[in-house]
Structure formats: C-alpha cells, structure tokens
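Colleague: Next comes the sequence, and after it the predicted model I'd like to discuss.
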Amino acid sequence: MDLESLGKEVKLEIQKAASIDEAELIRIKHLGKKGSLTKVLHTIGNLPASERPKAGQLANKLKNELAELIIEKKEVIKQKKSLPWIDLSLPGRKPNLGGLHPLTILSQEIQDIFIQMGFSVVTGPEIETEYYNFTALNTPKDHPARDMHDTFYLKDGRLLRTHTSPVQIRTLEKLSPPLRIISPGKCYRVDTFDPIHSPTFTQVEGLWIDKNISMADLFGTLDLFAKKIFGKDVKTEFFPSYFPFTEPSAEMWIQCPFCKGKGCSVCKKRGKIETAGAGMVHPNILKALGYEEFNGFAFGMGVDRIAMTKYDIDDIRLFFQNELQFLRQFDDSKL
Amino acid sequence: MIVNYNWLSEWVDIKCKGEELAELLAKIGIEVEEVEKISGDTIYKIDITPNRGDLLSVIGIAREIAAKTEKKLKKSIEYKFPKVNTDNKINVTIKDKEDCPRYTASPLNKIKITNSPSFITERLKKCGIRPLNNVVDITNYVLLETGQPLHAFDFDKITGGITVRRAKNGEKMVTLEEEEEKLSEEDLIIADENGPIALAGIMGGLESGISENTERIVLESAFFKPSLIREASRRLKISTESSYRFERTADMYMVGYAAYYATGLLEKYADGKIMGKIIDTNPNPNLSRKIPFSYNKINDLLGMTIEKKKGISILENLGFIVSSKNGDEAEALIPSHRNDLKIEEDLIEEIGRFIGYDNIPLRFKYSNYGPVWAENRELIEIKKIMVSLGFWEAINIPFIEPGWASKKREEAIYLENPMWSDKEILRNTLIPSLLENTQRNLNRGEEIVRIFEVGRVFSKGNEEEENIGGIIAGHISKNWYGNDREVDFYDIKGIAEALLEEIKIIDYSFKDCKNPLFTKEKASSIASGGKVLGTFGLINQEVCKDNVFGFELNLKKLLKARKEECFKKVSVFPPLKRDISIIIEENTPFGEIKSILDHSTKQRARIKLIDIYYAQKIGKDKKSLTIRLEFYNPKKTLTDNEIKGDIKLITKKLESIGATLRE
C-alpha cells in the first residue's frame, strides 16, 4: 500500500474512535513497533539511494501528523466525558403559541388563489341599504327570491348584508370595467343557530366583467379554483340553478373528497358537495350601471361550508365558540 | 315539493328509475333532495327555485322530463267548458282586472260529501296532504297535478254573488283554521254581500267552507296578482300550498284546464252535476308573448358552438314556437306556463340547460387588467402579529346585550328582528364576546387563555369600524423551569407594546383610561398624534369578577399612526453598559424617571429597568430601582470618558426629583 492511501485510512480510523482505549489501539496498530507505518519506514532502505531521502521525509512527516491527531482525539474524548449529563427528554422552553381561526385561514387561502388568478380584493360595509343588497341586484321587494335571503333589519330600515354582492355594485360604481374582483366578508341571515345554520357566515364572492365573457370562462375559472383548493384530482360538476342577479345561473358541486363519490356522512350520501353558486351577470344590473356593452360572470361561496367539508367539521357552531381545543387544530403556516 | 313516480308516468314515458331520474332532473337544474322508495312507487322530494312556479306540479315536472328525453306528453291539457242552459249561474264581479285577470266559477249541485276513492287519498298522503272529504281532496289533487290552486265554496252560504275586491280597512274574516284575521286595503279578498268569504289565493273562510251537509258548491279557479298574494301572506303570516304557488305566478291557461278537470272529477267522485253556466271572466287570455334572440349570442354566451338545428329543437321540445327571421335573428313564442322567461339570456339558459352544463368547455384566459390589489391586506398582517405573540384568533357573532353599550346607549344600533331577544344591538366593542369565549375556555380547563379578534364594531356616530381586541386570563402554570403565577397588568401591557412596536408605531404615550369596560386604576389608554387609539388593562370587575386583562384598539387609527422610518446604519461597535441604582419615593412612576433619562443623554442610549427592590433598610415608602443604560455610537467604541458627562447630567436630574444614588 502506498503511503498516501495508508495515511487516509488511518485518519478515518482516528476520526471514528469513540474511546481513549480505541485511540490507543489505533496508535499501536499503525505507529507501534510492529505497526503498519513502522513497517513502511523499514522498507525505505530497499529503495534506490536517490529516492530514499524524500521517501523517508514523507513517511516521518505522516508518522508525526498521525501521532499528533491521536493525541488530539484522546483529548477531545476526555473533555467530552467531563460535560455534565443533560436530560434530552425534558420538554423545551416553548414560546407561547397562537394561531389563526380556520375561517380566516380558509378565506385567505381562497383569496390568495384568486389573487394569483388576477383578481383584486375589495371590501365594503356590513350595514347595507335595501338598494345595494337587493334592488341593484335585480331583486325587487315582491320577488319570491327574497325568501332565499331572510334578512336582519335595523330600526332605521337599513339591513345587515345577506351576501357580499353589494360590494360588487359599489365597486362598479367607482371603477369601470374591465375588472376582476373578489369581495370577502361577513354576511348575515336570519337562521336558527344549530349544527348546520348560523346567523353569520363568511363569504367570498367574485366578479369578472369584460367583453365577450362566456359560461366557458366561468366554469373554467371555478374549476381551476376548485383544483387549487381541494387538490388537482378533484372532479367538478356544474348544474343549472337560479339567482335573480345572474342569467344563466349555475351551481358548482365537487366530488366528495372523503368518499370519492361513493356517498358518506360528509356529503349526506350524495357523493358530491355544493361548493359555489354562480352565473352570468344579469343584463339588468349592468344596464342600470351604464355598462351595456360589457358582460361577465359572478360567483359566490360560503367559507364556513367549505371549511366544514375540508376539515370534516359537523357543527358550524364550533366556529363561533372559539374553544382553544378546537382552534389549535388548524394549520396556518401556509399563509 | 313532493312528486311520485307513478303519477309522473301517467303524463310521460320515463325510461329511467329511482336515483337515475334524480340525476336526469339534476342535469336540467331540478334538484332532488331525497329519493324514497316505497312499495310500488318512488317519492321525490324536490327543491324548486323561486323562479319556476310552473314546476310545482306533476305536469310541470313531466314537461321537463319530456323535453329532456325528447318525448311528447301522454295526455293533452286542451279543454272546452260544457254548455249549460239552466239559469243557476253565480254572478262574479271583478273590481280590478289587474288584481285578478282571470276568474272562473263553476256551480255544481247534488254533491254528496263522502270519502275520496283510495287512489286520490293515497296520492295526497304521499305528497304530505291530509285527506278530508271528496270535494276538498279533489281540489288538492288537481292542485298537485296541475299546479293550479282551487277553492270550493258552499254555494248556499254565499249571499248574492261573488266579488273579487280589496278588503276594507278593519274588515274581519275567520279562516278555515278558525283564526280571526283583521284585513287591510292591501289584501285581496273574495266577498259576498255580507263581507269576506276568502282571502284570495291564500285561504278560504270558515263560514263559506265545505261541510258534511254541503249539497251545492262553487268551484273557484283563478289567477291572482303574485305580489299581492305574497305581501298578504307575509303580513298575515299564513303560507299555504295555494299562496306558495300564486306568489310564484300561476299559469293563465291552466286556470281553465284545472277548472274543467276538477269539475269532471267532482261529477265522477262526488256525484256533482253542473247546475249553471261556468263563469270565466277571461276565456281567451292573450298568451302570445315573444322573445327575440340571436343564434350567435347563444354561442357567445355559452362559450361553445351549438348548431342552429339543435338550438331550435331544444326550444321546441320545451313547447316554444320558434320563427327564424333574417339570418341570425329569430323569435320564440313562449308558452303561458313559462312566466319566468323574459329576455334573450333566459332563452339561452334554457338551451344551456338542455345541452347540459357538463358539455360546456372549461376555459381560463388571463387578461392583463393592470396591477392586482387587496384592500384588506392589513387585516391578515395584523392578525399574524397577534399569532406571533401567542394569541389564538376568535370569530364571534356580533350581537350583544344593550347593557354593554353603557353610557353610549343612544349610540347603539338596534336590530329590528334580533336573533336572540336579549342580544338586540350590534356590538360596539369586541370585549363582551371575547369574555364569553374566555369563560368558556376556562370552564373547559384551560389554564391560560390568550385570544383576540379583529372585526367590525358598530355605533351611530362612527357607523362601522374595524377593531382589534384581545384578552389574557388565567395563570402561567408551574413547570420545571418556572413557578406558577397569575397573569397581571404587565402581561397585557407587554402585548400592547409589542403590537405597537411590531407595526412601527414609535410615537405613542399612555394616558388615563376613560373606558368604563376597564378598571380605571389598572388600565391605560394609548394615544398617538393627539388621538386615542384604544385601551388596555384590567377588565372592570363589575363586568367580570376574575382577574381578566384585555385590550381594544381602533385598527384604522392604529395603522394611521405607523411611521415608515428611514434606515439607520447598524452599529458594529459594542454598547457601553452602565448600571445605576437609585432610591426614590415608592409612588414615583417609572415613566417619570424614564422620561428624564430619555431626554438627558447626548449619546444615544437604550434604557432598561432591570430591578425593583423594596426593603426595610431602604426606608419606609421607598423603593430601589436599578437601571441599565446602554450607550452606543454607530461610528466608534465609546470610552468611559465620553459618557461621563451624560452620567453626571442624569444623576443631577434624578436627584432633582428626590432620588438618591446607591453605591
């Protein structure tokens, strides 16, 4: 074996030595009287006279280097031994942990997806007028569609918005198309407070106004969204529906992520879950705003319902009881 | 609404069964909520959208199935009233044709009130209607099949003809449910000489109703103005199968067919004989409503190409009559039951529905509309700061008891129809709900609760504003490296300070607390730029007995107070540290000392209070403070000599407020 590889080998052995005894054995094995390096030194005499001095020099240098390393290693091992023992299994000094509410997490995730798709986020008041909440949205007072929105009224005749669509009207009054917006926020409807109903809920609504927008754009946008929030394998399905502010109207359902369509308790044995209402903005609305030459689509979804699906929560009231045992379970690290 | 398979099959050939039929209906926008198989039949619970009053019947659903499967209905709804020569007709007067554009009245005699045949009672029961007697059952049966509500009066209880008119203010009527209703001019009624005998389209009167002894009847089939029925039904809080359909708009043509069909059933199953002319105030209603449309628009709006032929055949299957005009333009004649269709887009939805939404392609085209923005971005940022400080986010329903508004009661915004009768105002503070959350968590055995909420608060003066509020309660529990202690004022103060620091509010001061939700002696308000941002401290113990600490700040003012500072060069030179200990009167606030220190050094210095000490040997009512001064200079390492002047000045000023320096 040549000197160089022998040197490498011994250095590796020294590195691995775990005790002083082990280090001493390595010294004897290589540097002792019958050691491997000592043997090499002995063979130098057999070399031609011209090579002898250089070879001798190299071998001696290596011998000294290794001897030094072994001494160092022994020292390191000795010092390690003198460190006090600590109990690695004791719990650490954790800083106080906090976290975001699941409705905030999901609402923000939804917003972030639409922001990536080019939508801006707009906000508006929760106290609204009859006009912005209904009339401007093609829902006159005697319309049976009002039954879909059981409304909280204030003593002064105003109301608590039943959806975030009024924000879309307010935005269209300020900004002209083309535009792409979403409006997240709290909404209110008179409802019992039971496992599946709550007087307040969080909505994210969207609006895309331009020229030559079609149902294909609407379905494509919502499908893309569903794949981002529920995973790329999710299957969406669109059905005709009715909203006074859209025509044609549609609903997006997704295949139940828990049973993959077979039917389970989450999807109430339907195999699919209603996720969003949508449609092409009713021409009456755009006409009233002076945007006859434009068209577009709108959609809306309840964050609470999506959260219940996504996290398999069976009681909507848990969101408003704010128990730490509940709140601790949600991951907000992706925001 | 409930329909059953067998009844539907009488009107249309259905090739599929059970769930399959539900799937087929879903595809065309008719949502089946439940499918229930019972012996020899299947029951479908269907959710009908409010625009489709025409689907609230067996015939309505059958029509859609026929259109989807490209079949014709098995039965016709053509009719012709029989000619009767006797004089036993009933006089009908319509006060306002707009309120009631069509009214038919069929008089029958020789009626025998008895039980209905079983096929009728069975079907009523399946649809959730309790059978009563053959006459009433037949009116309900025809309602379920045709969607047209009917009403039968006892002919002999009507004095001098029927008038359809508005009620007089204060007029009264006892309904079939034996409730006395007080009527107003808004209510449409059916009346005889003596007064109201029915609430039009909603419910009949007890007096003129069918009884065991009824021998002669008048059968009413009519069209009432939808908005009138809706308003009255809401106001009187009576909703019936009849009012539900009328407010969704009846079918002008079906008014006649239903009368004809029901009369036939009454002859067959109640021994009735038509005894006089069937009155029809509008025998040939104008039903020809046309909607123009363009074939290109169909393709543009659906985002796919649909052959002209296919489009026309869909509309024709639905019973529309299409007449093409020059090139792209066309017109559709709308059948009388489709009152929901008004504009071109409505027709396009029909075509989309029957093409199938799953055949519409998916497309996402990104158009550049300039920069994207988010108006609510700061909310999530500030929430994340609270999370980093160890707080859990709460979301509450913003209804609270008026008591919380305390002195600002006149500022409170009251709900007209509160969810819970005690919680009748919109919150003007986040604290009450957070206290509820805290109590709930402590009851659940949590040792320490740190929660916060960012949300709107409401008051007459300020409308609605975003606030941030938080609570700390409980105790920091004993562990292997520390002892148990109650949370205290300095925990909440630390949180408030950290929050301000984190959002770069540099210029702020603490003032006396004026918020009655807090304990005056153990709370402070925070002010910046002359404006109060909010309050923190011990929650008023009249409100909450335990030691609970909280804060509430106005988010808009808070964010306005932040200052973007220019970057200052980082000092690479170590600070020079000096500790000084002073003895001073116990009630001298540290704030006073700090303010002196802040303003008396030439060199830049950080000031840290590192110890407070009380002891007999220092003196009664005295305390000892140890303060660490860290002098630093970005350009060099400071020497003792260079800070000598500062130390001297500080000492002098501290002595001037009664402090003595300790060695």
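Modeller: It's in.
Colleague: May I see the buried residues of the lengthiest strand in chain B?
Modeller: Scanning chain B for the longest strand, with DSSP state E as the assignment, gives strand B:463-476. By neighbour count with 16 or more other Cβ atoms under 10 Å in any protein chain shown, strand B:463-476 contains the buried residues B:464, B:466, B:467, B:468, B:469, B:470, B:471, B:472, B:473, B:474, B:476. To be clear about C-beta, it is placed using only N, CA and C from the backbone, and glycine gets the same treatment.
Colleague: Widest-spaced pair of these?
Modeller: The span of those, defined through Cβ to Cβ, is set by B:464 and B:476 at 36.1 Å.
Colleague: and the longest strand of chain B, average pLDDT?
Modeller: The average pLDDT for strand B:463-476 rounds to 95.
Colleague: Can you list the low-confidence ranges for the stretch 351-500 of chain B?
Modeller: B:406-408 (pLDDT under 70).
Colleague: Let me see the ranges of the helices in it.
Modeller: Ranges of helices within the stretch 351-500 of chain B are B:377-388, B:431-443, B:489-502, based on DSSP state H, counting those that start in this stretch.
Colleague: what's the closest of the ones you listed to residue B:157?
Modeller: helix B:431-443 (58.1 Å).
Colleague: by how many degrees do the closest one and strand B:463-476 diverge?
Modeller: Using axes from the mean of the first three to the mean of the last three Cα atoms, to 10 degrees, the inter-axis angle of helix B:431-443 relative to strand B:463-476 is 30 degrees.
Colleague: domains of the chain?
Modeller: Unless you meant another one, I'm taking chain A. If you go by automatic domain parsing, the domain ranges for chain A are A:3-82, A:102-327.
Colleague: wrong one, I was asking about chain B
Modeller: For chain B, the structural domains run B:2-68, B:92-280, B:289-358, B:377-560, B:576-662, going by automatic domain parsing.
Colleague: Present these as JSON lines; the columns should include distance to residue A:50.
Modeller: Shown next, in JSON lines, are the domains of chain B (distance: least, Cβ to Cβ, whole Å):
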{"stretch": "domain B:2-68", "distance to residue A:50": "97"}
{"stretch": "domain B:92-280", "distance to residue A:50": "115"}
{"stretch": "domain B:289-358", "distance to residue A:50": "90"}
{"stretch": "domain B:377-560", "distance to residue A:50": "71"}
{"stretch": "domain B:576-662", "distance to residue A:50": "61"}
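Colleague: Can you tell me which of these is most buried?
Modeller: When those are scored by mean count of other Cβ atoms under 10 Å in any protein chain shown, the highest mean neighbour count falls to domain B:92-280 (a mean of 20).
Colleague: Is chain A within reach of it?
Modeller: Yes - judged by Cβ under 8 Å from any Cβ of the partner chain, domain B:92-280 and chain A are in contact via B:226, B:227, B:230, B:231, B:247, B:248.
Colleague: and which of those is nearest chain A?
Modeller: residue B:227 (3.5 Å; Cβ to the nearest Cβ).
Colleague: And whatever helix or strand that closest one lives in, what does it pack against?
Modeller: For residue B:227, the host element (DSSP states H and E) is helix B:226-236. If you count contacts as 3 or more Cβ pairs under 8 Å, 6 or more residues apart in numbering or on different chains; DSSP states H and E, helix B:226-236 packs onto strand B:188-192, helix B:241-246.
Colleague: Would you format the ones you listed as TSV with mean pLDDT included?
Modeller: What follows is these, written out as TSV (pLDDT from 0 to 100):
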stretch	mean pLDDT
strand B:188-192	96
helix B:241-246	96
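Colleague: With respect to residue A:132, which of those lies nearest?
Modeller: Of the helices and strands packed on helix B:226-236, nearest to residue A:132 by Cβ to Cβ is helix B:241-246, at 28.6 Å.
Colleague: next helix or strand past that closest one?
Modeller: Assigned by DSSP H and E, the successor of helix B:241-246 is helix B:252-269.
Colleague: rounded to a whole number, what's the mean pLDDT of that following helix?
Modeller: For helix B:252-269, the per-residue pLDDT averages 97.
Colleague: Need the residues that contact the helix holding residue B:227.
Modeller: Outside of helix B:226-236, the residues within contact range by Cβ atoms under 8 Å, 6 or more residues apart in numbering or on different chains are A:142, A:144, B:99, B:181, B:184, B:186-188, B:199-202, B:239-240, B:243, B:246-250.
Colleague: Now do it against strand B:188-192: the angle between them, please.
Modeller: Going by the same axes, to 10 degrees, helix B:226-236 makes 90 degrees with strand B:188-192.
Colleague: Residue B:535 contacts residue B:520, correct?
Modeller: No - using Cβ atoms under 8 Å, residue B:535 is not in contact with residue B:520; the gap is 10.4 Å.
Colleague: okay, and the common contacts of these two?
Modeller: With Cβ under 8 Å, 6+ apart, residue B:535 and residue B:520 have common neighbours residue B:513.
Colleague: So the residue of the stretch 51-200 of chain B found nearest chain A, which state does it fall into?
Modeller: Proximity of the stretch 51-200 of chain B to chain A (Cβ to the nearest Cβ) peaks at residue B:51, 4.9 Å away. Taking DSSP: H, G, I helix; E, B strand; the rest coil as the rule, one finds residue B:51 in the coil state.
Colleague: cool, and residue A:298?
Modeller: strand.
Colleague: CA atoms of the worst-scoring helix or strand of chain A on mean pLDDT as CSV?
Modeller: Every helix and strand in chain A was compared by mean pLDDT, DSSP states H and E; the lowest is helix A:36-43, with a mean of 82. What follows is helix A:36-43, C-alpha atoms only, in CSV (Å, rounded to 0.1, in the frame of the first residue of the first chain):
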residue,chain,number,x,y,z
SER,A,36,1.9,-0.7,9.6
LEU,A,37,3.6,2.7,9.2
THR,A,38,6.7,1.5,11.0
LYS,A,39,6.8,-1.4,8.5
VAL,A,40,6.7,1.0,5.6
LEU,A,41,9.6,3.0,7.2
HIS,A,42,11.6,-0.2,7.4
THR,A,43,11.2,-0.8,3.6
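Colleague: Let me know the pLDDT of whatever residue of the stretch 51-200 of chain A ends up closest to chain B.
Modeller: Nearest to chain B, among the residues of the stretch 51-200 of chain A, is residue A:96, at 2.6 Å (Cβ to the nearest Cβ). Per-residue pLDDT puts residue A:96 at 91.
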